[in-house]
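A.B. asks: turn this into a model:
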Amino acid sequence: MKTNDILSEKQKLILELLKRNNIDKLKDFINSLETPLYFLNSTNFDLLTLALSLNCTFYIIKLIYNRCNYKTLNYVVKDIYHLYDMSNHKDETIVNYQNSLEVLMDSNNNVKSPLLVSLEFSDFQSVEFLINKGADMYFKINGKYILEILREENLLTMRKLNFLLKNGFSLKKFKIERLSNFEFKYIKKCLENFVFDINFIKYLLNLYKNKAGISKRKFNHRVNNEINKIEIPMELYLKYLDRKDYKKVEYLYKYYITEKTRSFKDFIIFYLNYFDRNFNKKSFYDFFNFIINNENTFPFSKEYAINENETIIINKKLKIVELIKNNNNLKLETFLKNNNYILHCLYSSKSEILNLINEYNVSSDIVDILRKYFLI
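C.D. replies: Got it, this is the predicted structure:
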């Protein structure tokens, strides 16, 4: 059964009027009704969501809102009631919107709210209007926040997030754990907005206005208090640590409670060991290389990182010598293959390899393996 087959005649008529985006004819139709306009709404047919979906003018949105006497804007509409054959429609803009809707309605079990639809189509004037009329930015649809649904639909943009933040969206009600699958730029923006909020900005402006002096120590104390308002979930650190995206781990570290610096060091070491899946110390080596080669705020000194990597190199060389002395060509081949990432650091010249061959009177198989990994 096609969707328009289950619509009443009056619903079909108003649907056509909304398609045409003509407010005068819409007003005439509404005035001709013998019953209130909201009688046309049902579980699967909602005029406000429909008007937003069809990109109707803001005046039509306001008209429908006012005439339908909505008691709340925090509701959902089910079914794809407005998708029907548009192949003969002359307005390409509406056809393109309709094609987009088909994709959007495939997600989240075809359930929408007015605020979600207005955000999907970047109708910021309607978004602000709906929020001012009581649309809840934290309203859940099928257990998901609107922000999460936009991300799943690949429709979240920085402009949309900034708009929501400007209108009061905050991590006070939206747990940061839910951001774990978001792009880092969105995580960063939410954190900065929550930590350095309007109260902190007012505090700075008041200092400037009154030309009040403040010591560096006191200012840093106030900043640290702001930063420590939120606790970053460990899974966020682990996500970027595992990806070797150390810049993002470092950014998150500045929100780590300063009194727990030692525990953070232990945490990093523990999980570098956990991520050492091939038992070859690559996770350690890569992390400490980052410390050595970049200015950073991690609680590890460059001297510490250099010593750790030098220890890794020494142990690798000792293991190679052991395998050569034991003439264990199979284990040697496996070891060199698993540690290929660091072989270039073990021996600075071919002559060192030749000295190893001569010193331990190795077999031809061992020579071939060493040639393969070091001399070719």
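A.B. asks: going by C-alpha atoms from here, please, whenever you check contacts or count neighbours.
C.D. replies: Noted.
A.B. asks: tell me the helix or strand right after the stretch of helix or strand residue 354 belongs to.
C.D. replies: Assigned by DSSP states H and E, residue 354 falls within helix 350-360. For helix 350-360, the following helix or strand on the C-terminal side (DSSP H and E) is helix 364-370.
A.B. asks: what are the buried residues along that next one?
C.D. replies: 366, 367, 369, 370 (16 or more other C-alpha atoms under 10 Å).
A.B. asks: run through the neighbouring helices and strands of that helix.
C.D. replies: helix 329-338 (3 or more C-alpha pairs under 8 Å, 6 or more residues apart in numbering; DSSP states H and E).
A.B. asks: from residue 194, how far off is residue 322?
C.D. replies: According to C-alpha to C-alpha, to the nearest Å, residue 322 stands 56 Å off from residue 194.
A.B. asks: quick one, which of these two is more surrounded?
C.D. replies: Neighbours per residue, other C-alpha atoms under 10 Å: of residue 322 and residue 194, the larger number sits with residue 194, 19 against 13.
A.B. asks: helices or strands up against the helix holding residue 354?
C.D. replies: Applying 3+ C-alpha pairs under 8 Å, 6+ apart, we find helix 350-360 packed against helix 302-325.
A.B. asks: let's see that with 10 Å instead.
C.D. replies: Helix 350-360 is packed against helix 302-325, helix 364-370, with contacts defined by 3 or more C-alpha pairs under 10 Å, 6 or more residues apart in numbering; DSSP states H and E.
A.B. asks: distance to residue 210 added to those, as CSV?
C.D. replies: Shown next, in CSV, are those (distance: least, C-alpha to C-alpha, whole Å):
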stretch, distance to residue 210
helix 302-325, 43
helix 364-370, 73
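A.B. asks: any chance of those in a markdown table with mean pLDDT and distance to residue 168 as columns?
C.D. replies: Below are those laid out as a markdown table (pLDDT from 0 to 100; distance: least, C-alpha to C-alpha, whole Å):
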| stretch | mean pLDDT | distance to residue 168 |
| --- | --- | --- |
| helix 302-325 | 97 | 42 |
| helix 364-370 | 95 | 64 |
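A.B. asks: for the ones you listed, which one sits closest to residue 151?
C.D. replies: Closest of the helices and strands packed on helix 350-360 to residue 151 is helix 302-325, at 38.0 Å (criterion: C-alpha to C-alpha).
A.B. asks: any weak-confidence spans in the stretch 101-250 of the chain?
C.D. replies: Judged by pLDDT under 70, the stretch 101-250 of the chain has its weakly predicted residues at 101-109, 197-204, 208, 219-228.
A.B. asks: residue ranges of the helices in it, please?
C.D. replies: Per DSSP state H, counting those that start in this stretch, the stretch 101-250 of the chain carries helices over the ranges 114-120, 124-132, 146-152, 158-166, 184-195, 198-209, 216-227, 234-242, 246-253.
A.B. asks: let me know which of these is tucked in deepest.
C.D. replies: Burial of the helices of the stretch 101-250 of the chain is given as mean neighbour count (mean count of other C-alpha atoms under 10 Å); helix 114-120 ranks first at a mean of 24.
A.B. asks: residue 149 versus the spatially most central residue of the chain, what's the distance?
C.D. replies: Residue closest to the mean C-alpha point of the chain, counted by C-alpha atoms, centre = their mean, is residue 182 at 1.2 Å. To residue 149, residue 182 is 11 Å away according to C-alpha to C-alpha.
A.B. asks: circling back to that earlier point, in a markdown table, list the buried residues of helix 364-370 along with distance to residue 313.
C.D. replies: Shown next, in a markdown table, are the buried residues of helix 364-370 (distance: C-alpha to C-alpha, whole Å):
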| residue | distance to residue 313 |
| --- | --- |
| 366 | 21 |
| 367 | 21 |
| 369 | 19 |
| 370 | 17 |
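A.B. asks: now do the shared contacts for residue 182 and residue 149.
C.D. replies: Here residue 182 and residue 149 have residue 156 as joint contacts, going by C-alpha atoms under 10 Å, 6 or more residues apart in numbering.
A.B. asks: pull the residues that contact stretch 367-376.
C.D. replies: Stretch 367-376 is touched from outside by 324, 329-330, 332-333, 336-337, 340, 343-344, 346-347, 349-354, 356-357, 361, 364-366, with contacts defined as C-alpha under 10 Å, 6+ apart.
A.B. asks: list the buried residues in stretch 263-270.
C.D. replies: Across stretch 263-270, burial judged by 16+ other C-alpha under 10 Å covers 264, 268.
A.B. asks: who's in contact with it?
C.D. replies: By C-alpha under 10 Å, 6+ apart, stretch 263-270 touches 234, 237-238, 241, 253, 256-258, 261, 272, 274-275, 283-284, 287, 298-300.
A.B. asks: can you check stretch 294-312 too?
C.D. replies: 246-247, 249-251, 253-254, 261-262, 264-265, 280-282, 284-293, 313, 315-317, 342, 345-346.
A.B. asks: can you turn the buried part of those into a PyMOL selection?
C.D. replies: Entered in PyMOL, the line below selects the buried ones among the contacts of stretch 294-312, by 16+ other C-alpha under 10 Å:
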select buried, resi 246+249+250+253+264+280+281+282+284+285+286+287+288+289+290+291+292+313+316+342+346
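A.B. asks: ok, and the closest non-adjacent residue to residue 41?
C.D. replies: Nearest residue to residue 41, sequence neighbours excluded (C-alpha to C-alpha, 6 or more residues apart in numbering): residue 47, at 6.4 Å.
A.B. asks: quick one: residues contacting the one you found.
C.D. replies: 11, 14-15, 18, 37-38, 40-41, 53, 61, 64-65, 68, 114.
A.B. asks: and which of these is nearest residue 212?
C.D. replies: Closest to residue 212, out of all of the contacts of residue 47 and judged by C-alpha to C-alpha, is residue 114, at 47.0 Å.
A.B. asks: wait, the closest one touches residue 51, no?
C.D. replies: Yes - counting by C-alpha atoms under 10 Å, residue 114 does reach residue 51; the two are 9.4 Å apart.
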